[in-house]
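build me a model:
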Amino acid sequence: MSNAFETLFMGQSPELLNLLRTAEVVAATDVTVLIQGESGTGKELLAEALHQQSPRKDEPFIVVNCAALPENLVETELFGHKKGAFTGAESDNVGRIRSADKGTLFLDEVGELPLSTQAKLLRFLESGECQSVGETKPFTANVRIIAATNRDLRDQISNKAFREDLFYRLNVVPLELPPLRERTGDIPVLIKGMMKTLAASHGLDAPALAKETQKILQKHKWPGNIRELKNLCERLVILCSGKTIQPQHLPFEFNTTPTTGTLAKIGITLPEGGLNLVDLEVDLIKAALDKTSGNQSRAAKLLGLTRDTLLYRMKKHALR
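Numbering: from 1, shown residues only. Predicted coordinates for the structure are as follows:
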């Protein structure tokens, strides 16, 4: 596997490796690519890797977030405008396409483009020509297009929100990034690599994972995908530098409600009329403190908490 892909994508899951093998072949060509995948799966990273492994690697890599462009400025941002073409056009703007000449233009969230702009983009893809706002003659640019979306463009075509001809022109080689929940075997190596990198960037020691913590992280659904995992790793690097991360160190969303089996093991059954969770927490803290004769460290251990967390909860419930 080429260095750019190895650097940007860690993991050995079959889904990821198959994708990267295809991407490595595609990178050496000028073919148009459509990258699909959920938010946070790394679509821009894949586009960047395609550019880095292409013959255009020493030329510009221009990123356009189509969803972030105001609808009335999309056309001028992409194709440019001539000074005086409209109110506020106080100078010439070459546009993103000409800025990417000889390089790569990455159109992120391409499904957000207005239909009028889609027509001009299609013309550029077919002929290499397009026209700036206010210009009388078209210009040509030698640009490779890589597009990405987290939407189902076929649904948008059905809803008349996306041009079918543009879809087929972009979808020459489709690459679909798998969500993290389908790559659970990669989670340990991803965490290790991210923590090492993040710890170095913050000048800290990378923490380690307890086995039980690793199991919890592998069972998590990761709705935010790689972005969510990276954010968690950075938080743990900062808060748990050099420590072994136990389940109680994880944010609350990772500590799921005990199952019926767990409740049965500790002799608790839920009454038909329900219970007050706050009162139950207070009673458990009091019971743990009574059992340890007020020793907060031992009480915290009985409850599966850190001492700091126990102190926080005692303060929260005005317990002494």
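
what separates stretch 116-130 from the chain centre, distance-wise?
The chain centroid and the centroid of stretch 116-130 are separated by 30 Å under Cα atoms, centre = their mean, to the nearest Å.

got the buried residues for it?
By neighbour count with 16 or more other Cβ atoms under 10 Å, stretch 116-130 contains the buried residues 117-118, 120-122, 124-125, 130. The C-beta positions use only the backbone N, C-alpha and C, and glycine is treated the same way.

and stretch 248-256, by the same measure?
Across stretch 248-256, burial judged by 16+ other Cβ under 10 Å covers 249-250.

check stretch 56-70 too.
Applying 16+ other Cβ under 10 Å to stretch 56-70 flags 56, 59, 61-62, 64, 66, 69 as buried.

report pLDDT for the residue found closest to Arg320 once you drop the neighbours it is linked to in the chain.
Closest residue to Arg320 apart from its sequence neighbours, by Cβ to Cβ, 6 or more residues apart in numbering: Met314 at 7.2 Å. If you check Met314, the pLDDT there is 87.

thinking again about what came up before, which ones among the buried residues of stretch 116-130 lie within strands?
In strands, judged by DSSP state E, the following of the buried residues of stretch 116-130 are found: Cys130.

let me see the contact set for the closest residue in space to Pro60 that isn't next to it in sequence.
Of all residues not flanking Pro60 in the chain, Gly103 sits nearest, at 3.7 Å (Cβ to Cβ, 6+ apart). By Cβ atoms under 8 Å, 6 or more residues apart in numbering, the contact set of Gly103 is 51, 56, 59-62, 143-144.

include pLDDT, distance to Asn150 and secondary structure when you put the residues you listed into TSV, please.
Shown next, in TSV, are these (pLDDT from 0 to 100; distance: Cβ to Cβ, whole Å; DSSP: H, G, I helix; E, B strand; the rest coil):
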residue	pLDDT	distance to Asn150	secondary structure
His51	96	20	helix
Arg56	96	25	coil
Glu59	97	27	coil
Pro60	96	25	coil
Phe61	97	21	strand
Ile62	95	20	strand
Val143	95	23	coil
Arg144	96	22	strand
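
re the thing from before, from the buried residues of stretch 56-70, which is closest to Ser13?
Nearest to Ser13 out of those is Phe61 (Cβ to Cβ; 26.9 Å).

ok, the closest one - contacts?
The contact partners of Phe61, taken as Cβ under 8 Å, 6+ apart, are 48, 51, 100, 103-104, 106.
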